[in-house]
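Engineer: fold the stuff below for me.
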Amino acid sequence: MTTESQSTLTASDNRSHDDRPQEPKPRQVQSDGEAEPHGPALKSAGHVIVDSLAAHGVARTYVVPGESFLDVLDGLHNSDIETIVCRHEGGAAYMAEADGKMNQLPGVAMVTRGPGAANAHVGLHTAWQDSTPVLLFVGLIPFAHRDREAFQEFDIKAWFDTGAKRVMVLDHAERASEIVAEAMFAAMSGRPGPVVVGLPEDILQQKVKPGLHPPIPVAAGGMSSRDAEALRAALAESTKPLFVTGGNDWTQSAADQLTAWLERHQIPAAAEWRTQGTVSFDSPSYVGPIGYGRPRPTYDLLDETDLLVFVGTVPGDVITDGFVCRQDWSKQNFLVTSDPALRGRSGPVSRQILAKPEAFVHDLALIDLPVKEEWKAWTGRMRAEQESFAALPASTPSAGRARMDTLMANLVPGLPEDALVTFGAGEHTNWAHRYFPTRRYASMISARNGSMGYSIPSAIAASLAEPQRRVVTIAGDGEFLMNGQELATAAQYGATPLVIVMDNQEYGTIRTHQERHYPDRVSGTQLKNPDFGLMARAFGGFGVTVTEDKDVPAALAAALAAIDEDGVFALIHLVVEQRVKAYSSTV
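Structural biologist: Numbers count the residues shown, from 1 in each chain. Down below sits the predicted model:
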């Protein structure tokens, strides 16, 4: 794993021989907006940071406040940027990460030094492994207190350098706007990812000229004439081509254009694990997800296809079953990615095309080939298997304990075309993989690094970003309590997701591995849970606990009515049998 420049954004001529920044010289400052003699009005560096974020188009920031960045909070007071006050730094970082998945701009979180920064680290790791653009602003101790073991002091570069694209510290107030522009650029350029910006408390309060640094353009790349000819030739020779879409760097227009091209040529496309929706669930070219616990219809695709074209992602650990599938270097793999380093790549590389998805698809549309009969048969076969796999179970309840199958069978038919699902990690997510109709880009928001506790924060971020959409989150009982307190944030800001908590009283994924490797020795995976429906009502939303399958349809109808008529979030606590799964890898 490589990182970009690790240098602190500070003037090199202010370094001493031991490389420690020198304390800024005292300067006279006036109150905010006061003009220096014969000069423009001044602003604090903290306010300039807020102005710069707004100028870049940032709509909201997810915050757990701290005294270390009070001046930034003050700048947000009269800003058009919406400040979402969260209940835990991990929840705030997850919300920013989900926001970054849904938009071209980075999601933004703000936390305080020491413990606050530590709590936010989980969201940073998610953004790193999921290639999500995120800015994490961290308040720091005053510049003058550095290297003296001050209260909550920590080494921001030592903590974050290996898990962020860049770590920068604002050591000179006059560069406040520049550091925002540099951080935005670093998060979006090449392979997207997280950037950490440290904000010393005393530097934020210094007054500077309020001029703003312009946004730095991000190169999109594209296919060269040689790239296009190589891809055309490979497609012309192929009888079983397969596209795999992934990553978070798409636009809806690119997704639509790729889908149209694939359908016109009757070529199939699979989705990287937990990124379904780039090619619509309903498209005749969509043949299912590829990832952990993959269903049988896509299990052997990587070895059977004679031409793989990855767009927006690379064949990594999860897709290749731990660097096992598709390792033969005689295989044809075209990798379309904006990361020249191909981080995380496994197996053969026939050609790398340096391009973001939108630029690549624009050029791909110019390639037109006669449709082969082999393509029709290949795509038709895989599509039929996907349709069979995704066919809904019976909607009529059965006798006995509540079932996720019954809930999904009643939920899915009534979903609007632009419905969106979020989830974290666990076997409960497979019901979404199998049945949820992802019909557009960014209709499945999840944590591909397997991070638990992601479901509730991501659903809140999605609901706030696109309140007109039906947002559903499927949480396991194990992960729900990791960030369930953020339901208070949902109630405070009017987020209205439908929360489904599948309660099987265990950490199900770990129990599955345990049964495989240590059969009949259940240890460390069993849970005793509270009444989550009652908990939801305590937070100010709708909540219902369902134990019998016959009560599922009525509970779902009541939950949706609460969202649509009362404008509150709704939670269904579904108490299910243990060891019941959406599918196995041999389906």
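Engineer: from here on, contacts and neighbour counts on C-alpha atoms
Structural biologist: Will do.
Engineer: on the three-state scheme, residue 289 is what?
Structural biologist: Here residue 289 is strand, with the state taken from DSSP: H, G, I helix; E, B strand; the rest coil.
Engineer: doesn't residue 490 belong to a strand?
Structural biologist: No: per three-state DSSP, residue 490 lies outside any strand segment and is helix.
Engineer: tell me how far it lies from residue 456.
Structural biologist: Residue 490 is 9 Å from residue 456, where distance means Cα to Cα, to the nearest Å.
Engineer: neighbour-wise, which of these two wins?
Structural biologist: A count of neighbours by other Cα atoms under 10 Å puts residue 456 above the other of residue 490 and residue 456, at 33 against 26.
Engineer: that one against residue 488, yeah?
Structural biologist: No: applying Cα atoms under 8 Å, one finds residue 456 not in contact with residue 488, separated by 10.6 Å.
Engineer: so what pLDDT did residue 16 get?
Structural biologist: We have a pLDDT of 36 for residue 16.
Engineer: repeat for residue 6
Structural biologist: As predicted, residue 6 sits at a pLDDT of 35.
Engineer: also residue 296?
Structural biologist: Reading off the model, residue 296 has pLDDT 61.
Engineer: residue ranges with poor pLDDT in the stretch 101-250 of the chain?
Structural biologist: Nowhere does the stretch 101-250 of the chain drop to pLDDT under 70.
Engineer: show me where it has strands.
Structural biologist: Taking DSSP state E, counting those that start in this stretch to define them, one finds strands in the stretch 101-250 of the chain at 107-111, 134-140, 166-169, 194-200, 207-208, 241-245.
Engineer: for those, which one sits closest to residue 521?
Structural biologist: When those are compared by Cα to Cα, strand 241-245 sits nearest residue 521, at 38.9 Å.
Engineer: contacts for the closest one?
Structural biologist: 235, 267-272, 275, 278-279, 305-313, 375 (Cα atoms under 8 Å, 6 or more residues apart in numbering).
Engineer: if you set the cut-off to 6 Å instead, what comes out?
Structural biologist: Strand 241-245 is contacted from outside by 268-272, 305-311, using Cα atoms under 6 Å, 6 or more residues apart in numbering.
Engineer: pairing partners for it, with directions?
Structural biologist: The strands beside strand 241-245 in its sheet (DSSP bridges) come out as strand 269-272 (parallel), strand 307-311 (parallel).
Engineer: of all those, which one is nearest residue 176?
Structural biologist: Once those are compared by Cα to Cα, strand 307-311 is nearest, at 35.8 Å.
Engineer: and the closest one, what's its mean pLDDT?
Structural biologist: Strand 307-311 shows an average pLDDT of 97 in the prediction.
Engineer: residue numbering should commence at 897 henceforth.
Structural biologist: Shifting the count to begin at 897 puts that one at strand 1203-1207.
Engineer: tabulate the CA atom coordinates of whatever helix or strand comes next after it in CSV.
Structural biologist: Next along the chain after strand 1203-1207, taking DSSP states H and E as the criterion, comes strand 1229-1233. C-alpha atoms of strand 1229-1233 as CSV (Å, rounded to 0.1, in the frame of the first residue of the first chain):
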residue,chain,number,x,y,z
ASN,A,1229,-7.9,-8.5,-18.2
PHE,A,1230,-8.5,-4.8,-19.1
LEU,A,1231,-8.4,-2.6,-16.0
VAL,A,1232,-10.0,0.9,-16.3
THR,A,1233,-9.0,2.9,-13.2
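Engineer: give me the mean pLDDT for strand 1229-1233.
Structural biologist: pLDDT averaged over strand 1229-1233 gives 97.
Engineer: so what are the sheet partners of that strand and their directions?
Structural biologist: For strand 1229-1233, pairing defined by DSSP bridges yields strand 1203-1207 (parallel), strand 1247-1250 (parallel).
Engineer: measure how buried residue 1470 is and give me the count.
Structural biologist: 28.
Engineer: what about it, which helix or strand?
Structural biologist: Using DSSP H and E, residue 1470 maps to strand 1466-1471.
Engineer: show me how far that strand is from its chain's centre.
Structural biologist: Distance of strand 1466-1471 from the chain centroid (Cα atoms, centre = their mean, to the nearest Å) equals 24 Å.
Engineer: thinking again about what came up before, and which of the contacts of strand 1137-1141 is nearest to residue 1150?
Structural biologist: Distances from residue 1150 to those, taken as Cα to Cα, are shortest for residue 1207 (11.1 Å).
Engineer: immediately after the biggest helix by length in the chain, which helix or strand?
Structural biologist: Identified as the longest helix of the chain according to DSSP state H is helix 1269-1286. With elements assigned by DSSP H and E, the helix or strand that comes after helix 1269-1286 is helix 1300-1307.
Engineer: packing partners of the following helix or strand past that following helix?
Structural biologist: Next helix or strand after helix 1300-1307 toward the C-terminus (DSSP H and E): strand 1316-1319. For strand 1316-1319, the packing partners by 3 or more Cα pairs under 6 Å, 6 or more residues apart in numbering; DSSP states H and E come out as strand 1340-1342, helix 1351-1361, strand 1367-1372.
Engineer: within the sheet, what are the partner strands of the strand holding residue 1470, with directions?
Structural biologist: In the sheet, strand 1466-1471 lines up with strand 1394-1399 (parallel), strand 1438-1442 (parallel) (DSSP bridges).
Engineer: mean pLDDT, distance to residue 1457 and mean neighbour count added to those, as a markdown table?
Structural biologist: Shown next, in a markdown table, are the strands paired with strand 1466-1471 (pLDDT from 0 to 100; distance: least, Cα to Cα, whole Å; neighbours: other Cα atoms under 10 Å):
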| stretch | mean pLDDT | distance to residue 1457 | mean neighbour count |
| --- | --- | --- | --- |
| strand 1394-1399 | 96 | 11 | 26 |
| strand 1438-1442 | 98 | 10 | 22 |
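Engineer: as a markdown table, those strands with distance to residue 1197 would be great.
Structural biologist: As requested, the strands paired with strand 1466-1471 are arranged in a markdown table below (distance: least, Cα to Cα, whole Å):
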| stretch | distance to residue 1197 |
| --- | --- |
| strand 1394-1399 | 31 |
| strand 1438-1442 | 39 |
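Engineer: give the contact list for residue 1093.
Structural biologist: Applying Cα under 6 Å, 6+ apart, we find residue 1093 in contact with 1033, 1063-1065.
Engineer: looking at those, spot the one nearest residue 1475.
Structural biologist: Nearest member of the contacts of residue 1093 to residue 1475, counting by Cα to Cα, is residue 1033, at 42.0 Å.
Engineer: right, and that closest one touches residue 1006 too?
Structural biologist: Yes: under the criterion of Cα atoms under 6 Å, residue 1033 makes contact with residue 1006 at 4.7 Å.
Engineer: of the two, which one has the most company?
Structural biologist: Comparing residue 1033 with residue 1006 by other Cα under 10 Å, the one with more neighbours is residue 1006, at 29 against 24.
Engineer: which residues of the stretch 1147-1296 of the chain score low on pLDDT?
Structural biologist: 1189-1193, 1195.
Engineer: so what touches stretch 1265-1274?
Structural biologist: Residues contacting stretch 1265-1274 (Cα under 6 Å, 6+ apart): 1135, 1161-1162.
Engineer: could you do stretch 1107-1121 as well?
Structural biologist: Contacts to stretch 1107-1121, defined as Cα under 6 Å, 6+ apart, come from residues 1073-1074, 1077, 1081, 1085, 1250-1252, 1255-1256.
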